[in-house]
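[1] Structure for this input, please:
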Amino acid sequence: CWMEGSSPPHKHPKLDKEAESDVVVSKTRTHHLNRLSSIFHDEHLRAISTMLQEQVCIKCAIRAFVNFTYYETLAQSPEVLLDILRELKDSKIPNEVCPLDVSTAICPICFGILQMATTPEFDAQIVSSIENCDYEFRDYLLSLTLPTAILIRQYAIWFYLQKIYGDEGCLKGDPGFEEVKDVVKFMIERVIKYPHSNQSDFTFIVEFVHPETSQEYFFLEKFTKKGHVTRRKPKPNEKGVPLEAGIKAVKKILSTVDRSSFMSATKCPPVLVQTKSEMKFSFWHAPTFVAGSYLKFSRDLSHSLWIIHGQRKGENSVEEIIGDPLLPFFRPENYTFQSAGREDQDVKMLGTGRPFVLTMENPRRITFNSEEVEKMSKAVNSQPELVRVLNFKLGTKEDCNRIKEGETTKKKTYRCVVWVSKPVSELNLNLLTEVKDMVVNQTTPIRVLHRRAMETRGKMVHSIQYGILKENFLALDLVTAAGTYIKEFIHGDFGRTQPNLGSILGCEADILQLDVVAIH
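    Predicted coordinates:
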């Protein structure tokens, strides 16, 4: 919830309609002319002219020789930029060169991305995507993904220019192109009149894809020791999606390849393309959390969704009883359920409950007032005969960390009913009350071998108290370290848990009923 007296977050950025319709930046044409004339000389204009004749767009041609301080200049229309270049002293731009229209001629370097940027249609797409994203957020982080082939083609046109004019002066060394990503970010951020923050929980993801050149990087594999190019890491919205080579990996390879080897391996100048890059939008909000403690009163309810060999076991689970009613509030992509340990399906959770945290992944809503939180609490307590939630609240990442710590550091008290093979009158039950901080070595129980590695773990039984029920039946209260397998401590698990109740009392033992009564 937001602080009282402050403004609540809007569901989408507040857009300045005048700025949206006005695609001309505030800097005057004369200003841009003076700036470019101060850095562009004969050698620059000659190289730019050659690129334009190879159908490279004017923005890619200019960004080969400028830095981030010229983004305002690159934001001008292609027509304005071409006129400015023609006015420069020693201009080499032929009169027949016209601004490329992305509908008829696509830049072979940026695949039309910079041709589209700053157009009214481009701005309208950005605005529309924000207005219809259906997310609640306070600020945003912009994430861009561009085709890897852009980087490769920058090298291709650069090496082509070096072959014609030599690698001295403005063409010395590796390509100096200002990143398309940074230029496009500038174009997008000027449209969104809402705070941009690198620490924002909300990410606006803009992805440019160009299937026509998606495999162009394959030729670089012969320049690597491993014979393949590392692919980039997936973004949060790209689970299971085939990915192109990573930009960092391609940059590293290109930095080691000489001009001759590169030009013999691929086309220089780069071949023209028939399709422009496609622009896709998606959104991702960092997880938000709810926390509390739950009581479980059923002996036929699993902790979480239980599936064996593709078949569901049981009609419900603690996870679903608590998590599903919260979906309409947060509208997440999905959720995960964590608790301080877990009880078996046939074990009750009593006392003050077991602490838990629900992580809402990619939620659409993030802020709630006290009345809405109360409605959530009632919703998760809709089946009180099975599960009751105590101390329900909106949580934090720190709650998650505490839950993880509690899985291994907390003590737990259990109450169980056990059967012993000998009459209790023949047993020395004082041996139980004498137990104090006894180490128990437990090899992975047979019943969980399908999901846990074979290992012997040392656990601690801190104390045991008993009560006599009948001739061969006892009630036990055990205080143990978190993670102790109580059932196996009672019956021994065919000798895999040592010592166990039977070995202490000198008889066979089995467990009939088990409850968790406290988590300390």
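
[2] quick one: buried residues of stretch 278-294?
    Across stretch 278-294, burial judged by 16 or more other C-beta atoms under 10 Å covers 279, 282-294. For glycine as for every other residue, the C-beta is placed from the backbone atoms N, C-alpha and C.

[3] Check stretch 453-464 too.
    Neighbour-count burial for stretch 453-464, with 16+ other C-beta under 10 Å as criterion, is recorded at 459, 461, 462, 463, 464.

[4] secondary structure element for the second one?
    Same thing as residue 461. Assigned by DSSP states H and E, residue 461 belongs to strand 456-470.

[5] Run me through the strand neighbours of that strand, direction for each.
    Strand 456-470 has its sheet partners listed here by DSSP bridges as strand 438-443 (antiparallel), strand 473-481 (antiparallel).

[6] just the ones you listed: most buried one?
    Of all the strands paired with strand 456-470, strand 473-481 has the most neighbours on average by mean count of other C-beta atoms under 10 Å, namely a mean of 19.

[7] what residues does that strand touch?
    Here strand 473-481 makes contact (C-beta atoms under 8 Å, 6 or more residues apart in numbering) with 411-420, 424, 429, 432, 459-469, 486, 489, 501, 512, 517, 520.

[8] what is the rounded mean pLDDT of the next helix or strand after that strand?
    Moving toward the C-terminus from strand 473-481, the next helix or strand (DSSP H and E) is helix 486-491. Taken as a whole, helix 486-491 carries a mean pLDDT of 97.

[9] which helices and strands sit right next to the helix or strand just after helix 486-491?
    Next helix or strand after helix 486-491 toward the C-terminus (DSSP H and E): strand 497-498. Where contact means 3 or more C-beta pairs under 8 Å, 6 or more residues apart in numbering; DSSP states H and E, strand 497-498 is packed against strand 438-443.

[10] Residue 148 contacts residue 251, correct?
    No. Applying C-beta atoms under 8 Å as the test, residue 148 and residue 251 come out as separate, 9.8 Å apart.

[11] buried set for stretch 181-190?
    Buried residues in stretch 181-190, defined by neighbour count with 16+ other C-beta under 10 Å: 181, 183, 184, 185, 186, 187, 188, 190.

[12] repeat for stretch 362-372
    The neighbour-count check on stretch 362-372 (16+ other C-beta under 10 Å) flags 362, 363, 364, 365, 366, 368 as buried.

[13] Now do the same for the fourth one: helix, strand or coil?
    Using DSSP: H, G, I helix; E, B strand; the rest coil as the criterion, the local structure at residue 365 reads coil.

[14] What backbone torsions are found at it?
    Taking degrees, to the nearest 10, you get phi -110, psi 150 for the backbone angles of residue 365.

[15] Kindly confirm whether my reading is correct that it touches residue 330.
    Yes. Judged on C-beta under 8 Å, residue 365 makes contact with residue 330 at a distance of 5.5 Å.

[16] coming back round to it: tabulate the buried residues of stretch 453-464 (a markdown table), appending pLDDT and distance to residue 118.
    A markdown table is the format used below for the buried residues of stretch 453-464 (pLDDT from 0 to 100; distance: C-beta to C-beta, whole Å):
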| residue | pLDDT | distance to residue 118 |
| --- | --- | --- |
| 459 | 95 | 65 |
| 461 | 97 | 71 |
| 462 | 97 | 70 |
| 463 | 97 | 74 |
| 464 | 97 | 76 |
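
[17] Looking at residue 148 and residue 251, which is more packed in?
    Comparing residue 148 with residue 251 by other C-beta atoms under 10 Å, the one with more neighbours is residue 148, at 26 against 13.

[18] Quick one, grab the pLDDT at that one.
    According to the prediction, residue 148 has pLDDT 92.

[19] and if you look at residue 18?
    You'll see residue 18 listed with a pLDDT of 45.

[20] How are the strands of the stretch 101-250 of the chain distributed by residue range?
    Applying DSSP state E, counting those that start in this stretch to the stretch 101-250 of the chain gives strands spanning 141-145, 202-209.

[21] Quickly note the distance from residue 385 to residue 500.
    Distance, residue 385 to residue 500, using C-beta to C-beta, to the nearest Å: 35 Å.

[22] Between the two, tell me which one has more neighbours.
    Comparing residue 385 with residue 500 by neighbour count (other C-beta under 10 Å), the higher total belongs to residue 500, at 20 against 7.

[23] so what's the more buried one closest to, chain neighbours aside?
    residue 492 (3.9 Å; C-beta to C-beta, 6 or more residues apart in numbering).

[24] Next: residue 445.
    In space, and not counting its chain neighbours, residue 445 is closest to residue 488: 4.9 Å by C-beta to C-beta, 6+ apart.

[25] Hmm, the one you found is touching residue 497, no?
    Yes. In terms of C-beta under 8 Å, residue 488 counts as a neighbour of residue 497; the distance is 4.4 Å.

[26] Compare these two and say which is more crowded by neighbours.
    Neighbour count, other C-beta under 10 Å: between residue 488 and residue 497, residue 497 has more, with 26 against 23.

[27] Okay, the more buried one and residue 439: tell me how far apart.
    Residue 497 sits 12 Å away from residue 439, taking C-beta to C-beta as the criterion.

[28] Understood, closing this out.
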